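>>> structure here, sequence nowhere to be found:
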């Protein structure tokens with residue numbers, strides 16, 4: 001039996017040389033991982049069309065393979081493009097602090113806010129002090145990646161930061177003693193991202209670009225020798241300890257007498273258990289791998305920690321998070337209302353009860369009417385025997401008419417549809433496929449500018465709710481398209 005989901009969300013974690021995808025589905029009482037995948041890509045710089053096409057084809061294949069379309073799309077970009085700043089802001093109350101943040105951010109980001117997409121998290125502390133964790137990214141860089149996502153017919157709902165997604169997962173972990181200070185390290189072949197958290201607030205975040213291709217080699221099973229894995233883990237552990245110490249010395253909010261009580265690791269794949277063991281041995285600090293929350297039902301073949309960040313991104317619109325920031329400005333966020341499932345179910349139950357009452361009333365009334373008619377019909381049949389034959393012929397004809405009406409509804413006449421298409425579509429557009437069934441039309445073909453076809457069809461009185469199915473593909477013959485539309489009742493009659 002196919003599962004029914006009330007909402008679907010796609011997390012897209014774009015790194016320098018990889019993209020991780022996690023598709024989540026929400027049921028009434030649980031969240032399920034429907035599919036997940038990590039894809040190796042070439043760096044997306046805006047100058048390599050082959051790299052962009054490969055990225056689009058792979059992501060599009062992942063989506064179409066699931067035969068579903070997510071309502072929420074949460075994206076994170078390479079952490080190296082994101083600038084992270086934390087500072088303390090004195091203010092009399094939260095409202096005053098929110099009005100003061102923009103002025104302080106102008107000072108923190110020396111290049112100014114005009115060319116940036118930025119967001120921040122305000123957390124009250126003691127003594128009318130507010131902690132601000134802010135991030136910013138250049139509009140030019142963000143728009144390039146967002147335009148790539150839109151080419152897949154996906155609309156980004158949140159532009160998040162991988163650090164925030166991982167920290168949110170860390171706050172959902174179940175550990176015996178929740179320490180006031182803990183650290184999180186996101187390990188990848190190209191970069192190391194470290195975050196220091198105190199009292200559930202990000203006090204410091206540092207991203208280090210490094211080149212560790214051996215990590216990728218180990219996770220693609222090109223290195224299976226245990227000695228090599230231990231050697232590589234030792235090398236990464238040493239670098240990780242140095243960076244943690246440097247981060248602690250740079251963080252003014254964590255005092256010298258405050259100790260890191262726990263370390264979470266993610267992103268290292270099969271190396272993560274080895275690094276955790278060696279790091280705990282060297283630092284004497286409890287160290288574990290980050291894992292999905294218990295409220296999420298994961299796949300049996302879950303590929304270690306490689307898709308955890310995309311999982312955390314996908315959870316943003318499905319589960320209340322401690323950090324809820326969005327780099328997208330308001331004018332780029334899709335205008336949609338969050339469905340209140342409980343209210344919807346209550347209204348649905350009320351409607352069902354009303355309909356049930358109306359139906360019972362109609363049944364009683366109909367039964368009484370039918371009883372009277374049957375009595376009258378019996379009297380007439382007793383008087384006019386010949387009417388019985390007419391009645392039988394009428395029933396037979398009615399059955400034939402019902403059959404013809406059913407066939408007409410399932411397979412409507414295609415000639416009016418073809419006539420409307422021939423008048424509506426531009427002459428430089430031709431079709432390779434036409435399918436009409438049960439009030440829905442599907443057309444495939446080629447056009448120089450396929451995106452212009454939707455407005456044209458929407459203007460027609462014959463078609464409504466026209467939309468693309470899948471991705472527009474550029475070929476030598478033109479832009480290949482696949483369009484679905486509903487037929488107006490008049491066109492099928």
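Ah, there it is. Predicted, not measured: the structure shown is a model, and the values here were computed from it.
>>> could you pull out the strands in the stretch 1-150 of the chain for me?
7-14, 18-26, 31-40, 72-76, 83-90, 116-125, 129-138 (DSSP state E, counting those that start in this stretch).
>>> want to throw those strands into JSON lines with distance to residue 256 and mean pLDDT?
Just so you know, the C-beta spots here come from the backbone N, C-alpha and C atoms, and that holds for glycine as well. As requested, these are arranged in JSON lines below (distance: least, C-beta to C-beta, whole Å; pLDDT from 0 to 100):
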{"stretch": "strand 7-14", "distance to residue 256": "35", "mean pLDDT": "95"}
{"stretch": "strand 18-26", "distance to residue 256": "37", "mean pLDDT": "94"}
{"stretch": "strand 31-40", "distance to residue 256": "40", "mean pLDDT": "92"}
{"stretch": "strand 72-76", "distance to residue 256": "33", "mean pLDDT": "96"}
{"stretch": "strand 83-90", "distance to residue 256": "19", "mean pLDDT": "92"}
{"stretch": "strand 116-125", "distance to residue 256": "20", "mean pLDDT": "93"}
{"stretch": "strand 129-138", "distance to residue 256": "20", "mean pLDDT": "94"}
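>>> mind putting those strands in JSON lines, mean neighbour count and distance to residue 470 included?
Shown next, in JSON lines, are the strands of the stretch 1-150 of the chain (neighbours: other C-beta atoms under 10 Å; distance: least, C-beta to C-beta, whole Å):
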{"stretch": "strand 7-14", "mean neighbour count": "25", "distance to residue 470": "15"}
{"stretch": "strand 18-26", "mean neighbour count": "23", "distance to residue 470": "16"}
{"stretch": "strand 31-40", "mean neighbour count": "18", "distance to residue 470": "17"}
{"stretch": "strand 72-76", "mean neighbour count": "25", "distance to residue 470": "16"}
{"stretch": "strand 83-90", "mean neighbour count": "17", "distance to residue 470": "36"}
{"stretch": "strand 116-125", "mean neighbour count": "18", "distance to residue 470": "29"}
{"stretch": "strand 129-138", "mean neighbour count": "20", "distance to residue 470": "30"}
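>>> next SSE downstream of the lowest-mean-pLDDT helix or strand in the chain?
Ranking every helix and strand in the chain by mean pLDDT, DSSP states H and E puts helix 386-410 at the bottom, with a mean of 68. Going down the chain from helix 386-410, the next helix or strand is helix 414-424, by DSSP states H and E.
>>> contacts for that next one next, please.
431, 434, 436, 441, 443, 456-457, 459-460, 462-463, 487, 491 (C-beta atoms under 8 Å, 6 or more residues apart in numbering).
>>> from those, keep the buried residues only.
431, 436, 441, 443, 457, 460, 462, 463, 487, 491 (16 or more other C-beta atoms under 10 Å).
>>> can you tell me which of those are in helices?
If you go by DSSP state H, the buried ones among the contacts of helix 414-424 have residue 457 in helices.
>>> for residue 206, state which of the buried ones among the contacts of helix 414-424 is nearest.
residue 457 (51.9 Å; C-beta to C-beta).
>>> which residues touch the closest one?
By C-beta under 8 Å, 6+ apart, the contact set of residue 457 is 424, 463, 466, 483, 485.
>>> so what's it scoring on pLDDT?
pLDDT for residue 457: 85.
>>> any idea of the pLDDT on the residue lying closest to residue 251 once chain neighbours are set aside?
Spatial nearest neighbour of residue 251, excluding adjacent residues (C-beta to C-beta, 6 or more residues apart in numbering): residue 204 at 4.0 Å. We have a pLDDT of 94 for residue 204.
>>> show me where pLDDT drops low in the stretch 51-200 of the chain?
176 (pLDDT under 70).
>>> where along it do the helices fall?
Along the stretch 51-200 of the chain, the segments classed as helices by DSSP state H, counting those that start in this stretch run 94-108, 139-150, 162-171.
>>> quick one on the thing from earlier: just confirm the residue nearest to residue 251 is within a strand.
Yes: per DSSP: H, G, I helix; E, B strand; the rest coil, residue 204 lies within a strand segment.
>>> number of nearby residues for it?
20 (other C-beta atoms under 10 Å).
>>> let me know the distance separating residue 179 from residue 169.
To residue 169, residue 179 is 17 Å away according to C-beta to C-beta, to the nearest Å.
>>> the two: which has the busier surroundings?
residue 169 (24 against 16).
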